[in-house]
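# model this:
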Amino acid sequence: MRRPPRNPVDPSRAVTAFVEEERTERGDVVSVATILLVNRECPWRCLMCDLWKNTTEESVPRGAIPAQIRDALTSLPPARRIKLYNSGSFFDPHAVPPDDYGEIASLLAGFDRVIVESHPALVGRACARFRDLLGADLEVAMGLETVHPKVLAKLNKRMTVEDFRRAAQRLEAIGIALRVFVLLGLPFLSRGESLDWACRSIDVAFDSGATAVSIVPTRSGNGGLDALRDAGDFESPTLGGLEAALAYGVALGRGRVFADLWDVERLRVCAACFPGRVERLQQINRNQTLPPPLACGACEVKT
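As a prediction, the model looks like this:
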């Protein structure tokens with residue numbers, strides 16, 4: 001196995017929790033809490049995923065997820081919305097026991113929107129059941145990843161673009177909002193091709209009813225992508241590519257488009273312009289407008 005070891009985790013404590021500001025579908029900017037939960041590894045084991053590093057090999061016991069949420073909330077400042085991200089699918093019963101839904105919903109009283117992640121295959125009655133327990137709007141984040149049919153098949157996502165569209169339709173039918181993850185940086189494609197397909201994927205996300213799209217630069221370090229990189233079949237994305245994909249999505253004006261800046265430090269090339277370029281991306285995320293690009297005399301690259 002190419003994968004490095006898992007990180008040690010405590011099933012009674014979340015991996016981390018923090019509060020950020022995010023622009024809403026209404027155009028205002030609100031505080032959003034994010035809790036990264038500990039639970040069983042996602043059964044899909046997608047090629048590009050490194051989230052398994054903070055998972056358990058077995059399902060966590062009933063009550064563990066509410067305990068993690070309760071503990072995390074005590075350390076966080078007030079927020080309007082909350083994301084429960086769990087290195088897999090919230091609606092996987094082996095990751096989040098359905099018997100815990102009621103207690104989780106009670107802990108989330110006071111938030112006006114709850115955002116969870118799910119594989120499209122698990123979008124169904126469990127979503128409606130959890131939504132009905134909440135005193136808040138529910139939003140489901142799904143990974144479309146890419147609409148390149150051959151690459152999507154090789155990611156081990158075990159879905160097609162049509163599978164994704166059908167899941168999005170199920171969410172729309174029961175009044176649940178959709179957020180979509182799109183990858184920037186794909187194995188088996190050049191950087192230029194990856195950027196083009198990221199833009200095409202943003203189009204499909206909005207065609208499917210998304211109100212928000214998050215562009216995620218693909219990370220190496222999970223073993224599989226590292227082997228592909230060494231074989232010449234994967235090029236890590238660049239900060240310039242992220243800027244271009246974000247500019248494309250925001251210019252569409254079809255909904256919010258965010259650059260995922262988690263671990264953005266790994267995209268650093270030029271120490272002189274990097275801080276300013278990241279700040280510009282943060283401004284775009286917050287305002288959904290495109291300020292003038294920056295020029296750097298040190299690296300002579302115009303963003």
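# ok, which stretches of the protein are helices?
64-75, 101-107, 125-133, 149-154, 161-173, 191-207, 224-230, 239-252, 274-287 (DSSP state H).
# By mean pLDDT, which helix or strand of the chain comes out lowest?
Within the chain, confidence by mean pLDDT, DSSP states H and E is lowest for helix 224-230 among all helices and strands, at a mean of 81.
# What helices and strands are in contact with it?
Contact here means 3 or more Cβ pairs under 8 Å, 6 or more residues apart in numbering; DSSP states H and E; on that basis helix 224-230 packs against no helix or strand. In short, each C-beta sits where N, CA and C put it, glycine included.
# and it, which residues are buried?
Using 16 or more other Cβ atoms under 10 Å as the test for burial, helix 224-230 gives 224-225, 228.
# Is it possible to get CSV of the residues you listed that adds distance to residue 93?
CSV is the format used below for the buried residues of helix 224-230 (distance: Cβ to Cβ, whole Å):
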residue, distance to residue 93
224, 27
225, 29
228, 32
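# Show me what the most centrally placed residue in the chain bridges to in the sheet.
The chain has residue 181 as the residue nearest its centroid, 5.2 Å off, counting by Cα atoms, centre = their mean. Residue 181 has these beta-bridge partners by DSSP bridges: residue 143, residue 214.
# OK, contacts around it?
With contact taken as Cβ atoms under 8 Å, 6 or more residues apart in numbering, residue 181 is in contact with 141-145, 213-214, 216, 260.
# nearest to residue 13, of these?
Minimum separation from residue 13 among those (Cβ to Cβ) is found for residue 141, which lies at 22.8 Å.
# Tally up the residues packed near the closest one, please.
By the measure other Cβ atoms under 10 Å, the count of residues near residue 141 is 19.
# Please read off the pLDDT at it from the model.
Residue 141 is assigned a predicted lDDT (pLDDT) of 97.
# dump the residue contacts of it.
By Cβ under 8 Å, 6+ apart, residue 141 lies in contact with 83, 85, 115-118, 178-181, 214.
# Among these, which has the minimum pLDDT value?
Lowest confidence among these: residue 85, with 93.
# Name the spans of the stretch 101-250 of the chain whose pLDDT lies under the cut-off.
221-223 (pLDDT under 70).
# what number of residues lie near the closest residue to residue 264 other than its chain neighbours?
Distance criterion Cβ to Cβ, 6 or more residues apart in numbering; nearest residue to residue 264, sequence neighbours excluded, is residue 278 at 5.9 Å. Residue 278 has 18 neighbours, counted by other Cβ under 10 Å.
# Over to the one 3 residues further on?
Other residues within reach of residue 281 by the criterion other Cβ under 10 Å amount to 20.
# cool, the one 4 residues further on as well?
When neighbours are counted by other Cβ under 10 Å, residue 285 registers 22.
# and what of residue 38?
22.
# Residue 253 now?
9.
# before we move on, what about the one 5 residues further on?
Other residues near residue 258 come to 21 when the count uses other Cβ under 10 Å.
# looking at it, it is touching residue 216, isn't it?
No - in this structure, residue 258 is not within contact of residue 216 by Cβ atoms under 8 Å, at 9.6 Å.
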